[in-house]
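1. Okay, structure incoming, though there's no sequence with it:
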């Protein structure tokens with residue numbers, strides 16, 4: 001799956017994770033995570049990442065530091081956070097595959113052996129520590145996404161006897177539950193120094209615990225799960241708010257006498273447990289207690305672990321929990337959110353859309369919508385004909401909890417304007433085969449200030465957004481071009497396309513004495529590209545060019561803001577404001593729109609830029625568009641030295 005971060009020009013970040021199979025036009029993209037994949041701590045700083053959508057497979061091994069490791073968690077932007085027990089560090093990783101380390105976060109003085117991590121709804125995380133003073137360390141994100149130490153908990157406490165190795169937060173984020181190698185689960189209010197006993201299990205040593213999200217609590221009647229190891233046996237207990245055991249727990253797995261680690265599955269119906277002695281881990285059904293067939297780390301090249309488990313998209317109970325919409329896409333299928341049509345050659349095309357937040361019953365985006373936030377996706381030329389499973393997850397998060405890999409704050413695009421929106425899409429083949437498709441995306445927000453630029457993996461501008469008067473819509477192009485489809489309402493212009501930029505070239509370099517030519521052609525249909533004939537060219541556009549500074553703050557902006565529009569000067573001396581830029585002229589001979597920019601008007605020294613154009617016609621003939629690529633090993637920016 002590839003992650004796609006949607007930035008705005010000067011405003012921040014729209015969050016979209018495009019997950020699942022490789023699209024036909026992006027076959028070189030390394031796939032990223034899927035919701036439900038399991039991270040398994042195996043020591044030596046490594047986590048195996050297991051995909052269970054078909055045959056259980058280790059799809060990646062992540063290395064963060066060295067030595068022992070344990071629990072892990074994910075912030076609301078799907079960044080993995082892992083523990084370095086021996087190294088006394090917590091690691092914040094990139095969303096994208098491979099999950100390289102973005103920040104190494106040291107435990108506070110006198111602390112040690114961070115073992116578990118939990119997030120609250122504001123974006124803060126808490127680390128339970130088995131060593132040192134044993135206190136729980138709290139960290140808070142800054143504007144650029146870098147985390148800083150805040151305090152140790154409980155407040156006004158110098159040490160916790162036995163430590164706080166395994167901990168989690170209540171759904172409201174106000175209470176911490178923890179185990180410390182005894183038979184007791186303790187709890188305390190985040191604002192208090194008073195520790196109280198929550199529950200104890202006779203003759204047991206208690207290890208990992210997880211508080212259940214509200215919906216799972218309602219479904220199961222339990223508050224939390226805890227791993228209990230006895231002499232010669234082990235069980236998993238589901239306890240209610242009073243510490244009583246909830247049937248059908250305690251759960252057990254035949255032959256497993258050291259089940260120490262556990263995590264919750266994002267589906268709310270299952271959980272995962274593991275033994276560092278047998279190297280096995282299992283999925284267990286809450287309702288029946290039935291375990292899956294053993295999955296073994298040794299069989300995948302690691303004679304150790306699991307020392308910790310976490311599920312991608314399995315957020316802490318105190319974090320916003322995504323709302324899921326699922327659809328099975330097959331030729332000629334139709335649901336409240338989807339419509340599919342068979343095409344020749346065993347392929348088919350589908351559209352998916354939903355009002356957001358997703359309502360019950362399901363509701364697709366109304367045609368010409370201008371009153372609801374909406375998410376839409378078009379999948380074209382889907383294979384195999386047996387179909388694909390699409391899962392869309394939506395959540396609203398606090399702005400400080402939504403920082404991108406590059407440190408961009410997310411946009412407040414929720415209907416009430418107070419939260420950021422996170423969209424993720426998984427697309428997986430049915431029946432274990434591979435799948436290919438082209439896609440186009442549409443995100444609509446009622447917030448009038450949103451002016452999006454779309455950057456894939458925060459490096460590749462695939463802008464296909466239009467903001468014109470009261471109309472604001474957009475998507476990300478595919479198949480090598482930035483296309484505009486009828487699915488991107490409210491502008492009902494079918495089949496319009498850009499054939500892409502002729503200049504500047506991808507990854508080009510310019511010194512500040514050069515002229516930078518911006519050139520593109522527009523075509524009636526994408527099928528006419530890349531070399532449309534004179535009758536296939538769009539010659540009635542009124543395009544304006546904006547240039548955005550990408551890798552450093554524009555004048556008046558702060559560090560780590562989104563790409564900012566900058567003023568520029570043409571080769572003939574005409575000065576162009578940052579917004580709306582200057583109008584491009586049409587060369588009637590070639591049908592090419594051209595604007596020559598004086599590079600000396602742009603800050604140099606290795607500063608990177610990209611350009612985008614938009615049609616100012618009423619109604620517009622095409623949306624805004626910019627560079628698109630088929631390979632994620634390239635960048636779309638040009639550089640001024």
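-> The structure has been received and is ready for your questions. Worth saying up front: this structure is predicted, and the values here are computed from it rather than measured.

2. if I pick residue 539, what's in contact with it?
-> Shown in contact with residue 539 (CB atoms under 8 Å, 6 or more residues apart in numbering): 586, 588, 591. All C-beta atoms are positioned from the backbone trio N, CA, C, and that covers glycine.

3. please redo it, this time with the cut-off set to 7 Å
-> Counting by CB atoms under 7 Å, 6 or more residues apart in numbering, residue 539 touches 586, 591.

4. Strands along the stretch 251-400 of the chain, start to end?
-> 261-264, 270-274, 280-285, 295-296, 308-311, 323-329, 338-342, 348-356, 373-383, 388-397 (DSSP state E, counting those that start in this stretch).

5. Figure out how far the shortest one is from the centre of its chain.
-> Okay, so that is strand 295-296. 27 Å (CA atoms, centre = their mean, to the nearest Å).

6. same deal with the first one?
-> If you compare the mean C-alpha spot of strand 261-264 with that of the full chain, they lie 22 Å apart, counting by CA atoms, centre = their mean.

7. for it, packing partners?
-> For strand 261-264, the elements it packs on are strand 205-211, strand 224-230, strand 270-274, strand 308-311, judged by 3 or more CB pairs under 7 Å, 6 or more residues apart in numbering; DSSP states H and E.

8. Which parts of the chain belong to which domain?
-> 36-311, 323-640 (automatic domain parsing).

9. okay, these in a markdown table with mean pLDDT and distance to residue 317 next?
-> Converted to a markdown table, the domains of the chain look like this (pLDDT from 0 to 100; distance: least, CB to CB, whole Å):
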| stretch | mean pLDDT | distance to residue 317 |
| --- | --- | --- |
| domain 36-311 | 95 | 4 |
| domain 323-640 | 71 | 14 |
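
10. The strands of the stretch 251-400 of the chain: which one's closest to residue 88?
-> Taking CB to CB, strand 308-311 is the member of the strands of the stretch 251-400 of the chain nearest to residue 88, at 15.7 Å.

11. Give the other helices and strands that that closest one contacts.
-> So strand 308-311, by 3+ CB pairs under 7 Å, 6+ apart, packs with strand 38-43, strand 72-74, strand 261-264, strand 270-274.

12. Would you mark the buried spots in stretch 211-231?
-> 211-213, 216-217, 220, 222-229 (16 or more other CB atoms under 10 Å).

13. Just the terminal-to-terminal distance for it.
-> End-to-end distance of stretch 211-231 (CA to CA, to the nearest Å): 25 Å.

14. Also stretch 321-336?
-> 23 Å.

15. Next, format the strands of the stretch 251-400 of the chain as CSV and append mean neighbour count.
-> CSV is the format used below for the strands of the stretch 251-400 of the chain (neighbours: other CB atoms under 10 Å):
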stretch, mean neighbour count
strand 261-264, 26
strand 270-274, 26
strand 280-285, 22
strand 295-296, 18
strand 308-311, 28
strand 323-329, 18
strand 338-342, 17
strand 348-356, 24
strand 373-383, 22
strand 388-397, 22
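
16. do you know which of the ones you listed lies nearest residue 531?
-> strand 373-383 (21.5 Å).

17. so that closest one versus strand 323-329, what angle?
-> Calculated by axes from the mean of the first three to the mean of the last three CA atoms, to 10 degrees, strand 373-383 forms an angle of 30 degrees with strand 323-329.

18. just checking, what packs against strand 373-383?
-> By 3+ CB pairs under 7 Å, 6+ apart, strand 373-383 packs against strand 348-356, strand 436-444.

19. Sheet partners, orientation included, of the first one?
-> The one in question is strand 348-356. Paired with strand 348-356 in the same sheet, following DSSP bridges, are strand 338-342 (antiparallel), strand 373-383 (antiparallel).

20. if we can go back for a sec, what's the closest of the strands of the stretch 251-400 of the chain to residue 544?
-> Across those, closest to residue 544 is strand 373-383 (CB to CB), at 26.0 Å.

21. got the angle between the closest one and strand 388-397?
-> Using the same axes, to 10 degrees: strand 373-383 against strand 388-397 is 160 degrees.

22. next one: strand 373-383 to chain centre, how far?
-> 18 Å.

23. hang on, the earlier thing: pipe the strands of the stretch 251-400 of the chain into CSV and attach distance to residue 234 per row.
-> Formatted as CSV, those follow (distance: least, CB to CB, whole Å):
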stretch, distance to residue 234
strand 261-264, 11
strand 270-274, 9
strand 280-285, 12
strand 295-296, 17
strand 308-311, 15
strand 323-329, 32
strand 338-342, 44
strand 348-356, 42
strand 373-383, 43
strand 388-397, 33
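
24. Helices along this structure, start to end?
-> 214-220 (DSSP state H).

25. can you give me the end-to-end distance of stretch 45-54?
-> Terminal-residue distance, stretch 45-54 (CA to CA): 27 Å.

26. Revised request: answer the last question for stretch 309-318.
-> Stretch 309-318: ends 18 Å apart by CA to CA.

27. Show me which residues of it are buried.
-> 309-318.

28. and which of those is nearest residue 88?
-> residue 310 (19.6 Å).

29. one step back: now the helices and strands packed on strand 308-311 in JSON lines, with distance to residue 147?
-> Formatted as JSON lines, these follow (distance: least, CB to CB, whole Å):
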{"stretch": "strand 38-43", "distance to residue 147": "19"}
{"stretch": "strand 72-74", "distance to residue 147": "13"}
{"stretch": "strand 261-264", "distance to residue 147": "22"}
{"stretch": "strand 270-274", "distance to residue 147": "26"}
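
30. Relative to residue 98, which of these is closest?
-> strand 38-43 (13.2 Å).

31. closest one to residue 77 among the strands paired with strand 348-356?
-> Closest among the strands paired with strand 348-356, once you apply CB to CB, is strand 373-383, at 16.8 Å.

32. Look at residue 79 and say how many residues are nearby.
-> If you count neighbours by other CB atoms under 10 Å, residue 79 ends up with 20.

33. mind listing what the nearest residue to residue 103 once chain neighbours are set aside touches?
-> Spatially, and ignoring its direct neighbours in sequence, residue 103 is nearest to residue 92 (4.3 Å; CB to CB, 6 or more residues apart in numbering). Neighbouring residues of residue 92 by CB under 7 Å, 6+ apart: 79, 81, 102-103, 105, 147.

34. ok, so of the residues you listed, who is nearest residue 577?
-> The shortest approach to residue 577 among the contacts of residue 92 belongs to residue 102, at 35.2 Å (CB to CB).

35. Name the residues linked to the closest residue in space to the closest one that isn't next to it in sequence by a beta bridge.
-> Sequence neighbours aside, residue 92 is the residue nearest to residue 102 in space, at 4.9 Å (criterion: CB to CB, 6+ apart). Counting by DSSP bridges, residue 92 forms beta bridges with residue 81, residue 103.

36. Roughly how far does residue 73 sit from residue 48?
-> Note on residue 73: its distance to residue 48, by CB to CB, to the nearest Å, is 17 Å.

37. quick one on the thing from earlier: between the helices and strands packed on strand 308-311, which gets nearest to residue 605?
-> strand 72-74 (36.9 Å).

38. Can you verify my assumption that residue 46 contacts residue 58?
-> No. The pair residue 46 / residue 58 is not scored as a contact, 10.8 Å apart, by CB atoms under 7 Å.

39. The two: which is more packed in?
-> Legend: neighbour count by other CB under 10 Å for residue 46 and residue 58, higher for residue 46 (21 against 17).

40. need the contact list for that one.
-> 61-63.

41. Buried subset of those residues, written for PyMOL?
-> If you want just the buried ones from the contacts of residue 46 in PyMOL, going by 16+ other CB under 10 Å, the selection is:
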select buried, resi 61+62+63
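
42. and the contacts of residue 46 as CSV, adding distance to residue 513?
-> Below are those laid out as CSV (distance: CB to CB, whole Å):
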residue, distance to residue 513
61, 48
62, 45
63, 45
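
43. Residue 598: which of the contacts of residue 46 is nearest?
-> Among the contacts of residue 46, and counting by CB to CB, the member closest to residue 598 is residue 62, at 46.0 Å.
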